[in-house]
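Novice: Give me a model of this one.
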Amino acid sequence: MADTAPRLMSLVEQLLGVPVPVRIRAWDGSEAGPPGAPALVVRNRRALRRLLWKPGELGLARAWVAGDLGVDGDLYTALDLMSGLIWDRGEDARSLARAVRDPEVRAAAGGLAKLAGFLPPPPPPREEVRKARGHLHTRRSDKRAISHHYDVGNDFYEIVLGPSMVYSCAYWAAPDGTLEDAQRDKLELVCHKLGLKPGQRLLDVGCGWGSMALHAAREYGVSVVGVTLSQEQAMYARKRVADEGLSDLVEIRVQDYRDVVDGPYDAISSIGMAEHVGAERYLEYASDLYALLKPGGRLLNHQIARRPRRDESSYSVDAFIDAYVFPDGELAPIGTTVTQLERAGFEVRDVESLRAHYALTLRRWVANLEAEWAQAQRLTSPGRARVWRLYMAASALAFERNRIGVNQVLAVRTPESGASGLPLRARAWQE
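Specialist: Numbering: from 1, shown residues only. Coordinates of the predicted model:
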């Protein structure tokens, strides 16, 4: 009789010390768990070996990316139910060491090992980053990290992002609006906050596929320099610029922001780029942008934020995100970001949370991906498509549950006179 799933359920609950909130379906067709709940599909013994050799989030991620694990049912519901087991346990090395010494835990691990077969660990999926040793956030390591995330094929990103080709939080007038309208409204919001006028110079840091640069040049008549570390993004953006006849206003460079020396600029937009900078380099990032602005110039910094911790030294980068999505990416609390901008000399004039807007955006991206699932797998790889589906769905839930947020910070290089150039009424761009 097929009984693998009940045995798995019992062993996992013994190992974790809490009930498993989803069903388990094993490779022999057996099932166990709460009726009506989504099913975690364990397709083979290799999935167990991955979890035993690398317990926790990274082992689960490897099994998911390799196709050894799957979900039958609503992915959002399954991730929400499992969040307490994966992301919210907060176990550190000492608590894990105590658990390993627990006889019941050791017995459960032994039972899982018997089910898995006593074999060496499977190799990581090829989509996992192989990190080189050395310092983080050097020019070389940043370029390698950006390439891993963005140079996976522009055709793939066209599926996920849609015609706007904007890879950051949209700005929704209503939840049932279109993604294209919401992304256009976000670009408009940025331009209004920066107070762009014809003839000004805009630096777009981390310009992506050129959407912000194109919008600013087309709608506001500004001269734009967009910089990216991705060769594929740059080629795509340059073609868009040429197709729209805006080559006299828009220049797209493959360049590190630290190497931009042709200031001063009237305004700088940094939309979804600062997450790649890293805590050790953030003051340098802020200071470099400050130096590139003329007195009175404005910076719009659009950046994902995490919740602060009582002990900030305990923060570590999410294992799945670091290995498969954004290598070396780091999140900081919004208060830390504001402090670093002020330390660099900026006057912070406005902070706006767009947390709910990013949840809506991510759900649309997931829907786009799922609607073209077979084509997305062909354009990249089945493993890469699974990475994007999992990370975007999990991120949508993280924004919805206030585990992470996203904020637009408007800062000014206020001159010695103190005249910031902003209107007396806050957020006049909304009037």
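Novice: And the helices in the stretch 251-400 of the chain?
Specialist: 282-292, 319-320, 334-343, 355-371, 373-379, 382-400 (DSSP state H, counting those that start in this stretch).
Novice: highest average neighbour count across those?
Specialist: Highest mean neighbour count among the helices of the stretch 251-400 of the chain (mean count of other Cβ atoms under 10 Å): helix 382-400, with a mean of 21. The C-beta positions use only the backbone N, C-alpha and C, and glycine is treated the same way.
Novice: chain center to the following helix or strand past that one, what's the gap?
Specialist: Heading C-terminal from helix 382-400, the first helix or strand you meet, by DSSP states H and E, is strand 404-412. On the basis of Cα atoms, centre = their mean, to the nearest Å, strand 404-412 sits 16 Å off its chain's mean C-alpha point.
Novice: List the strands paired with strand 404-412, with their directions.
Specialist: strand 293-306 (antiparallel), strand 347-353 (antiparallel) (DSSP bridges).
Novice: Only the buried residues of the first one, if you could.
Specialist: Within strand 293-306, the residues that count as buried by 16 or more other Cβ atoms under 10 Å are 293, 296-306.
Novice: In CSV, could you pull the C-alpha coordinates for it?
Specialist: Below are the C-alpha coordinates for strand 293-306, written out as CSV (Å, rounded to 0.1, in the frame of the first residue of the first chain):
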residue,chain,number,x,y,z
LEU,A,293,23.6,67.1,-9.0
LYS,A,294,23.8,70.9,-9.4
PRO,A,295,22.7,73.0,-6.4
GLY,A,296,18.9,72.8,-6.2
GLY,A,297,18.9,69.5,-8.2
ARG,A,298,16.6,66.7,-7.1
LEU,A,299,17.0,63.0,-6.6
LEU,A,300,14.1,60.5,-6.7
ASN,A,301,15.2,57.3,-5.0
HIS,A,302,12.7,54.4,-5.4
GLN,A,303,13.8,51.5,-3.3
ILE,A,304,12.5,48.4,-1.6
ALA,A,305,12.8,48.4,2.2
ARG,A,306,12.7,45.8,4.9
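Novice: Identify whichever of the helices of the stretch 251-400 of the chain lies nearest to residue 190.
Specialist: helix 355-371 (13.1 Å; Cβ to Cβ).
Novice: Name the residues that touch the closest one?
Specialist: Outside helix 355-371, the residues that touch it by Cβ atoms under 8 Å, 6 or more residues apart in numbering are 159-162, 169-172, 175, 179, 182, 304, 376, 385, 388-389, 392-393, 395-397, 399-400, 402, 404-406.
Novice: Please name the nearest non-neighbouring residue to residue 266.
Specialist: Among residues not flanking residue 266 along the chain, residue 200 sits closest, at 3.9 Å (Cβ to Cβ, 6 or more residues apart in numbering).
Novice: For that neighbour, give me the pLDDT.
Specialist: The model reports residue 200 with a pLDDT of 98.
Novice: and what of residue 141?
Specialist: 56.
Novice: switch to numbering from 17
Specialist: All set: I'll call the first residue 17, so the last point we hit is now residue 157.
Novice: just to revisit the earlier point, let's have the buried residues of strand 309-322 in TSV, adding pLDDT and distance to residue 78.
Specialist: What follows is the buried residues of strand 309-322, written out as TSV (pLDDT from 0 to 100; distance: Cβ to Cβ, whole Å):
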residue	pLDDT	distance to residue 78
309	98	44
312	97	51
313	98	46
314	98	44
315	98	39
316	98	38
317	98	34
318	98	32
319	98	29
320	97	24
321	97	28
322	95	24
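Novice: Among those, which one lies nearest to residue 136?
Specialist: residue 322 (35.8 Å).
Novice: Tell me which residues touch the closest one, please.
Specialist: So residue 322 contacts 331, 347-349, 419-421 (Cβ under 8 Å, 6+ apart).
Novice: Report the separation between it and residue 333.
Specialist: Applying Cβ to Cβ, to the nearest Å, the value for residue 322 to residue 333 is 10 Å.
Novice: about what we covered before: buried only: go through the contacts of residue 322 for me.
Specialist: Of the contacts of residue 322, these count as buried by 16+ other Cβ under 10 Å: 347-349, 419-421.
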